[in-house]
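Asks: Structure of the sequence below:
(2 chains, ligands or ions: 1)
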Amino acid sequence: MNARFRRLLLGLGTMGICLAMPRASMAAVPLSQRIANYQMDVRLDVAQKTIYGREVLTWINTTMHPARELRFHLYYNAWMNDRSSWLSSSRYFARALESLEEGDWGYCKVQSIQLLREPPLDLTAGMAYIQPDDGNPHDRTVLRVPLPQPVFPGDTVRIAIEWVSKVPRPFARTGVVGDYYFIAQWFPKIGVFQEDGTWNCHQFIQTEFFADYGVYDVRLTLPTGWVVGATGREIETTENGDGTTTHRFYQEDVHDFVWTTSPHFLVYTDRFEEPGLPPVDLRLLLQPYNRGKKERYFEATKLALRYYGGWFGAYPYDHLTIVDPAYQSRSGGMEYPTLFTGGSRWLSTSRTRQPESVTIHEAGHQFWYGVVGNNEFEHAWIDEGFNTYSQSRVMSVALPPPILQRWYLEGFIPVLFPDVVLNERFDGADIYDGFRSPLKRDPMARPSYRYGPGSYRVNSYNKPALMLRTLENYLGWDTFRKILATFYQRWQFNHPRPRDFFQVVNEISERNMDWFFEQAYYGSNVFDYAVGRVLSMPFEPTKGLLQNNGDFVPISQVARDTTPRDTAVGKLYRNLVYVRRWGEATFPVEVRVTFAGGDTVLERWDGRDRWVRFEYIRPEKVESVEVDPRRVLVLDVNRTNNSWKRNAPARLAGWKWASKWMIWFQHKLELMAFFH
Amino acid sequence: MKPLRAYFQGVLGLWRVKRYILGLYAVNLMLALALGSVVGRAIYRSLGNSRAAENLVQGFDSLWYGSFSATAQGLARTFHPAVVGIGAVFENLNDFLQGRLFEGEGIFLGLGLLYLLLWTFFSAGFISRFLSRAQTPDFLQAAAGFLGRLVLLAILAGMVYYLLLGVFLDFLSGWIRGLTRDTTDERIVFFLTLGKYGAVWFLVWWVNMVFDYSKIIIVDRNLRMVPLAPVEAFGLVLKHPLKTMGLYYLLGITSTLMILIYWMVAPGAGASSAGEIWAAFLLGQLYIILRMCLRVWFYSSQVALYEGLYKTSSNQSPEEIG
Ligand SMILES: [Zn+2]
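Replies: Reported below is the predicted structural model:
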């Protein structure tokens, strides 16, 4: 323990943590409960690619239960070797590990841990790695530290930790490439002590994170001249005279702290100003080769702040840092409090939506993740799904529709196909075949860290976005916006659970939507409505016998106009429309039937039976039928079977696209002939 | 003989072999029609009476494509909207440049090899037609007579191509990966990648040119010892690097120009009436025919250059070799 650190501890010990914080930046009223507060002093050794850190954690037990131990995340240990739960899980392939060199692995080693009281008590000997999720004894991403006495409800405990983090070559989102450092999930971080008196401190397996809000006061000692970006604002810069500079960053009411440094960043600033919303200072750290994308990053960030702010509630901090990630750093497209990473290829044009799409998404996470801090281990869909939905909504309002793009020559060169227009991500689930749908792999309700292969993504992003879009369409945007705004404001700086959202939906919409959540969230059945058969039959004269004055006589002997049906012969059609439910899940749908003359009838079906038949006796034949014509149920897994049209030009469509395929194939043959 | 003169003389020669180019085109078209009808039927069946058919006629329907591609079997799996317009060219060119043209569906590999064989067969015919002093004036007779030797030559060439596009390209890729392991500037990796393809394709094109002259030498001299032809052709190219490469790259530039023009005029997904759909198809066919002409143009011009060079610089009479 060096002198500076001892002074820091002493100071804290006598004054309490609040006094150590800069008064100027303290909010008049804390926005959050400030359960987990960190003071850190950190030095980056770029030669060793190692971080030497010391932290004082001030932690408050806000539950009604005593805490007899503390639990910490050591996320960097996921990169320690290939036995960790993260690296041994199926999603990381052995091939990716082949190219690793010895210095590429990372770890987070706690060297000492002390309970700060008079006199300080060393807890180092009692600490142990535990594996609460999968029992994998090689996983060292959770550390348990027993306490000599419990921390009682309402009590505060202060813990000093010294640790070393070896920065890995990036496996996922954090690490070092060349002299670009992106440092996330890098320090011993306390888990969340829950209302029921248990720790929520999951291993790092396949999800993102979860932590309590608090105040971060972090001193980063880095090579002088390197540009640094971090959570919070830089409030103090000290040149140490030894080739290093200490940058002090301070941020209240956030649940994580991230930083990045590189000598190459270009730095730009801008300001978000919008009537009715508080201004936000924007700081952009750009890769030199993406210089031309400066305005695009700023504009996309402002779009998110403007629309999310207007729809749900204001962004509560007065600054935001945008980081353009270095090439091959795997740090792009990730959200952290008051800082996020975008991502863009050098040659991407604006129609590629790069960096717009990812920027809107990650800036949007400042709301869903940053402000509304759900448990991403268990309910990743809350922030990812809400954000994917909101991002798609912004893009559909503010950007031209997405178009097909192909990236050629190892992905460096984009070519756009402007007239191949794609759907927005929340506009339909028809990327799946109803019978093999990935939507069936797991119900969304399964904890995210236990999602099976291939279901993490679909259940965290796609399905919830479609579920929310279905709700928007069903309840109407005004109501749904109110629901989201209420949820946002009620649960800001807090940890909502899925049922908290469902409760807000029911409350604000004044309807009980449990039947929908029961299916879409708790279940894995899929929705699939379809037009079955459509028949339009001209009336034929009645054949057979009729009862006439008690006798059964051949119909030819009865005057024709005595049978009402026969008056319709040659004038009317009997139109039968069958609508089917192929999926197991049910949802009320509309059915629009259009007749040859252009008349339409809109039917409503509760969608519960397997099929329903509509019958129309009219002078015209049915021309077309559409189930769910307003596209309310975007969760429908097969949109193609939702419509029926007499003489649909399937043959022409088949020829059109097959003829293009043929040219493609002919050209392939021609290029093959090069080698003759 | 100047490359430019051979270039223009070559294009004039095409008229003499138009029947055979059309014959090759007919084979190409027949194969495409046979396979295309499978793909078309799959698209047609997946649509039924759905309104998605209207969307596909007007433009594209990505929701339909999702369900189509999830259930597609066999050839239908190779359908992708990027086959539209210039995509038909770029999708393949991308595989071509990366040495992956023969990957994918087995049927493509089989048909591709068959098509290669057909071109090998025709190439002797073309060359004999273009040679002013050819001994076998009949096209098919020449084609049949030289087939065995040219197949052997094609196998030799295939081995060299494999070394370049399989082994050497992979080696360079690995080398660049190692070299740029810590590079954080995309431009550096991009230009190194461009350089990699530039280097590999400079060699591939060079080899291609040598083997073109090898075929010409085999046909011209009725050479029996096939492996001697590339050696001889190599000497010729080394002796006249500017002329041979000048001509080759002149033709290469023509190919690039063709692609650029097609890029400008190829209709996209928006063409919606039956007439427009047919026009797009016919334009595509024109492009394919022109590409095939270009391939023959290479022979035609290279034969012209070859004869010109031998007239002026070779003191060896071709007949003496026999
Ligand atoms: Zn996200």
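Asks: what helix or strand is residue 282 on?
Replies: Let's take chain A. Per DSSP states H and E: A:Leu282 is located in strand A:277-286.
Asks: try chain B instead
Replies: Per DSSP H and E, B:Leu282 falls inside helix B:274-313.
Asks: How about B:Leu260?
Replies: helix B:241-265.
Asks: Determine whether any part of that helix lies close to chain A.
Replies: No. Helix B:241-265 lies apart from chain A when judged by Cβ under 8 Å from any Cβ of the partner chain; the minimum separation is 9.3 Å. Bear in mind the C-beta positions are built from the backbone N, C-alpha and C, glycine included.
Asks: That helix - what's its average pLDDT?
Replies: Mean pLDDT, computed over helix B:241-265, is 97.
Asks: any idea which helix or strand comes after the strand or helix carrying A:Leu320?
Replies: Following DSSP H and E, one finds A:Leu320 within strand A:319-323. Where DSSP H and E defines the elements, the next helix or strand beyond strand A:319-323 is strand A:334-336.
Asks: so how far is that next one off the chain centroid?
Replies: Distance of strand A:334-336 from the chain centroid (Cα atoms, centre = their mean, to the nearest Å) equals 11 Å.
Asks: does the next helix or strand after it come close to chain B?
Replies: The C-terminal neighbour of strand A:334-336 among helices and strands, as given by DSSP H and E, is strand A:339-341. No. Using Cβ under 8 Å from any Cβ, we find that strand A:339-341 stays clear of chain B, coming within 13.3 Å at best.
Asks: hey, C-alpha coordinates of the helix or strand just after strand A:339-341 in CSV?
Replies: The element immediately downstream of strand A:339-341 (helix or strand, assigned by DSSP H and E) is helix A:356-365. Extracted C-alpha coordinates of helix A:356-365, given in CSV (Å, rounded to 0.1, in the frame of the first residue of the first chain):
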residue,chain,number,x,y,z
GLU,A,356,-26.3,5.6,-37.6
SER,A,357,-28.0,2.3,-36.7
VAL,A,358,-25.6,1.3,-34.0
THR,A,359,-25.2,4.9,-32.7
ILE,A,360,-29.0,5.3,-32.2
HIS,A,361,-29.0,1.9,-30.6
GLU,A,362,-26.2,2.5,-28.1
ALA,A,363,-27.2,6.1,-27.4
GLY,A,364,-30.7,4.7,-26.8
HIS,A,365,-29.2,2.3,-24.2
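Asks: how far off strand A:319-323 does helix A:356-365 point, in degrees?
Replies: Per axes from the mean of the first three to the mean of the last three Cα atoms, to 10 degrees, the angle that helix A:356-365 makes with strand A:319-323 is 140 degrees.
Asks: Run through the neighbouring helices and strands of helix A:356-365.
Replies: Secondary-structure packing of helix A:356-365 (3 or more Cβ pairs under 8 Å, 6 or more residues apart in numbering or on different chains; DSSP states H and E): helix A:294-311, strand A:319-323, strand A:334-336, strand A:339-341, helix A:380-398.
Asks: avg pLDDT for that helix?
Replies: 98.
Asks: quick check: angle from that helix to helix A:294-311?
Replies: Calculated by the same axes, to 10 degrees, helix A:356-365 forms an angle of 40 degrees with helix A:294-311.
Asks: what's in contact with helix A:356-365?
Replies: By Cβ atoms under 8 Å, 6 or more residues apart in numbering or on different chains, the list of residues contacting helix A:356-365 from outside reads A:296-297, A:299-301, A:303-305, A:308, A:320, A:322, A:332-335, A:340-344, A:350, A:383, A:387-388, A:390-391, A:394-395, A:399.
Asks: State the pLDDT value of the closest residue to A:Trp311 other than its chain neighbours.
Replies: Nearest residue to A:Trp311, sequence neighbours excluded (Cβ to Cβ, 6 or more residues apart in numbering or on different chains): A:Arg481, at 5.5 Å. Each residue has a pLDDT score; the one for A:Arg481 is 98.
Asks: still on that earlier bit, and the helices and strands packed on helix A:356-365 as a markdown table, adding mean neighbour count and distance to B:Ala199?
Replies: Below are the helices and strands packed on helix A:356-365 laid out as a markdown table (neighbours: other Cβ atoms under 10 Å in any protein chain shown; distance: least, Cβ to Cβ, whole Å):
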| stretch | mean neighbour count | distance to B:Ala199 |
| --- | --- | --- |
| helix A:294-311 | 21 | 34 |
| strand A:319-323 | 24 | 35 |
| strand A:334-336 | 25 | 37 |
| strand A:339-341 | 28 | 34 |
| helix A:380-398 | 24 | 41 |
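Asks: Make TSV from these and add mean pLDDT to it.
Replies: Listed next are the helices and strands packed on helix A:356-365 as TSV, based on pLDDT from 0 to 100:
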stretch	mean pLDDT
helix A:294-311	98
strand A:319-323	98
strand A:334-336	97
strand A:339-341	98
helix A:380-398	97
